[in-house]
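A.B. asks: What would the 3D arrangement of this be:
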Amino acid sequence: MGDDNSPRRKLRLGALAVALTATLALLCCTGGTAAFFLTELSGGSDDLSPEAQSACGSSHQVKVSGKMPRFAQYGESQIRNAAVIIKVGSDMKVPPRGWVIAVATAMQESGLRNLPHLGSRNDHDSVGLFQQRPSQGWGSPEQLQDPSYSSRKFYEKLVKVPGWEQLSLTRAAQRVQVSAFPDAYAKHEELASKIVDALAGGAARTVQVAQRSICNAASRGQIAASGWTAPIPGGVGSGFRTASRPRHNGVDIAAPKRTLIRVAATGRVLVARCDPANNGQLSCDVDGYPGKGGCGWFVDVLHAGGYVTRYCHMIVKPRVVPGQLVKAGEVIGEVGSSGNSSGPHLHFEVHLDGDRSSRGAVNPVPFMRDRGAPLNGKA
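C.D. replies: Okay, here's the model as predicted:
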């Protein structure tokens with residue numbers, strides 16, 4: 001078992017300072033824990049409706065009239081504005097990833113409210129859902145207070161950004177908005193994805209392939225509209241906290257050595273190092289074995305919404321370093337068998353609320369499936 005009693009360090013995810021005070025005790029695939037606590041952005045907690053969960057892969061018909069789904073943070077008129085944003089994107093044949101970006105942008109800029117000019121309370125002449133400025137050529141004040149018009153103007157600029165679908169939400173939104181607070185968009189991605197799913201039949205869980213939205217196909221570097229991808233292709237072998245391994249806080253995905261491991265979503269690297277186990281006496285640069293202990297070479301990444309993903313048993317030192325910003329699908333390492341391992345595989349964990357200990361761990365299988373990036377394993 002390896003311990004890290006380093007003093008408190010501060011990492012930034014955008015404009016947010018994350019204070020870490022940590023004692024790491026990883027036993028990975030024998031069910032160890034890591035006692036880390038941090039303060040981080042919190043996303044929306046609204047669950048998808050059963051209708052939205054079952055509708056993934058539908059034609060994504062969006063209604064802007066009638067009763068709207070409920071989200072704790074927003075009233076019906078605000079969700080109706082989100083529906084208008086999504087429908088305009090759909091009518092313009094913008095892929096669903098663009099809908100998530102647009103809704104998240106409007107959440108940050110106006111709280112999904114169609115704001116008039118706020119006079120002395122406003123820094124500039126910004127109006128509408130996206131706080132677009134007439135003085136910068138977006139349109140007249142009257143036009144920009146039409147949600148359909150302002151949404152169309154946003155999408156027109158978004159699709160002209162080279163490679164916008166591969167950019168992080170923050171970078172894509174910033175290229176359109178040129179905001180004074182460019183790092184503020186990321187915290188809305190999780191809830192924006194849920195709103196898009198609820199209003200457009202699971203659209204945030206799709207991948208755009210040959211101009212078609214394919215449900216649950218995010219692997220091999222493809223990114224779902226939600227912004228998530230599977231770390232490696234393959235299916236789950238050893239599951240989450242099974243009867244035989246109740247302390248197994250992740251899942252194991254078998255793969256050949258040197259298979260590329262991709263980060264599941266955009267985020268900031270928290271840890272990238274060797275967990276050598278047995279009081280640091282054993283190396284991570286050799287194959288491990290059952291009972292050795294430790295995660296071997298591993299990486300932890302913090303994502304918007306307070307999610308943390310963990311990637312264990314890499315064959316060599318990770319390709320990333322603590323504090324580095326990584327975008328969804330970026331290669332962070334290679335599959336190996338270092339640490340407590342009986343063969344080449346990726347041990348993959350997901351933690352909630354920034355809690356890297358066993359208390360924060362959740363089953364990655366339904367978590368990733370709900371984001372359109374299934375691990376293709378058993379629930």
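
A.B. asks: tell me the helices in the stretch 51-200 of the chain, going along the chain?
C.D. replies: Counting by DSSP state H, counting those that start in this stretch, the segments of the stretch 51-200 of the chain that form helices are 76-91, 96-110, 141-144, 147-158, 169-177, 189-199.

A.B. asks: what's the most buried one of those?
C.D. replies: Among those, the stretch with the highest mean neighbour count (mean count of other C-beta atoms under 10 Å) is helix 189-199, at a mean of 28. From N, CA and C alone the C-beta is placed, and that goes for glycine too.

A.B. asks: Domains in this structure, by residue range?
C.D. replies: Domain assignment for the chain by automatic domain parsing gives 9-43+228-369, 61-200.

A.B. asks: Compile these into a markdown table and extend it with columns for distance to A210.
C.D. replies: Shown next, in a markdown table, are the domains of the chain (distance: least, C-beta to C-beta, whole Å):
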| stretch | distance to A210 |
| --- | --- |
| domain 9-43+228-369 | 18 |
| domain 61-200 | 11 |
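
A.B. asks: what's the pLDDT at T21?
C.D. replies: We have a pLDDT of 27 for T21.

A.B. asks: coming back round to it: output the helices of the stretch 51-200 of the chain as CSV; include the columns mean pLDDT.
C.D. replies: Shown next, in CSV, are these (pLDDT from 0 to 100):
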stretch, mean pLDDT
helix 76-91, 97
helix 96-110, 97
helix 141-144, 93
helix 147-158, 98
helix 169-177, 93
helix 189-199, 95
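
A.B. asks: Count the neighbours of I223 for me.
C.D. replies: By the criterion of other C-beta atoms under 10 Å, I223 has 25 neighbours.

A.B. asks: meant to ask about V269, not that
C.D. replies: 20.

A.B. asks: One more: P116?
C.D. replies: Neighbourhood size, P116 [other C-beta under 10 Å]: 12.

A.B. asks: repeat for L129
C.D. replies: 30.

A.B. asks: Please name the residues that touch it.
C.D. replies: Neighbour list for L129: 81, 85, 106, 109-110, 112-115, 147, 150-151 [criterion: C-beta atoms under 8 Å, 6 or more residues apart in numbering].

A.B. asks: That one and S151, how far apart?
C.D. replies: 7 Å (C-beta to C-beta, to the nearest Å).

A.B. asks: Please enumerate the shared neighbours of these two.
C.D. replies: With C-beta under 8 Å, 6+ apart applied, the overlap between the contact sets of L129 and S151 consists of I85.

A.B. asks: And the closest residue in space to N249 that isn't next to it in sequence, what's its pLDDT?
C.D. replies: Among residues not flanking N249 along the chain, A361 sits closest, at 4.0 Å (C-beta to C-beta, 6 or more residues apart in numbering). The predicted local confidence for A361 comes out at a pLDDT of 98.

A.B. asks: who does A361 bridge with?
C.D. replies: When bridges are assigned using DSSP bridges, the partners listed for A361 are H351.

A.B. asks: quick one, what contacts it?
C.D. replies: Contacts of A361 were listed using C-beta under 8 Å, 6+ apart, and they are 240, 249-250, 349-351.

A.B. asks: of those residues, closest to A272?
C.D. replies: Distances from A272 to the contacts of A361, taken as C-beta to C-beta, are shortest for E349 (15.0 Å).

A.B. asks: Report all helices and strands that the strand or helix carrying the closest one contacts.
C.D. replies: Counting by DSSP states H and E, the element that carries E349 is strand 345-351. With contacts taken as 3 or more C-beta pairs under 8 Å, 6 or more residues apart in numbering; DSSP states H and E, strand 345-351 sits against strand 251-254, strand 307-314, strand 361-362, helix 364-369.

A.B. asks: In three-state terms, how would the residue nearest the centre of the chain be classified?
C.D. replies: The structure's the chain has its C-alpha centroid closest to A265; by C-alpha atoms, centre = their mean the separation is 4.2 Å. The three-state assignment at A265 reads coil, by DSSP: H, G, I helix; E, B strand; the rest coil.

A.B. asks: got a list of what it touches?
C.D. replies: With contact taken as C-beta under 8 Å, 6+ apart, A265 is in contact with 227-229, 301, 303-304, 307, 309, 328.

A.B. asks: Out of those residues, which two sit at the greatest distance?
C.D. replies: The most widely separated members of the contacts of A265, counting by C-beta to C-beta, are T229 and A304 (15.1 Å).

A.B. asks: picking up where we left off before, compare the helices and strands packed on strand 345-351 and give me the one nearest P141.
C.D. replies: With C-beta to C-beta as the criterion, P141 lies closest to strand 307-314 of those, at 39.3 Å.

A.B. asks: With only the CA atoms kept, save that closest one in PDB.
C.D. replies: Listed next in PDB are the C-alpha coordinates belonging to strand 307-314 (Å, rounded to 0.1, in the frame of the first residue of the first chain):
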ATOM      1  CA  TYR A 307     -16.800  14.000 -11.300                       C
ATOM      2  CA  VAL A 308     -13.500  12.200 -11.000                       C
ATOM      3  CA  THR A 309     -12.400   9.400 -13.300                       C
ATOM      4  CA  ARG A 310      -9.500   7.000 -12.500                       C
ATOM      5  CA  TYR A 311      -7.400   4.900 -14.900                       C
ATOM      6  CA  CYS A 312      -5.200   2.200 -13.400                       C
ATOM      7  CA  HIS A 313      -2.500  -0.400 -14.400                       C
ATOM      8  CA  MET A 314      -0.900   1.500 -17.200                       C
END
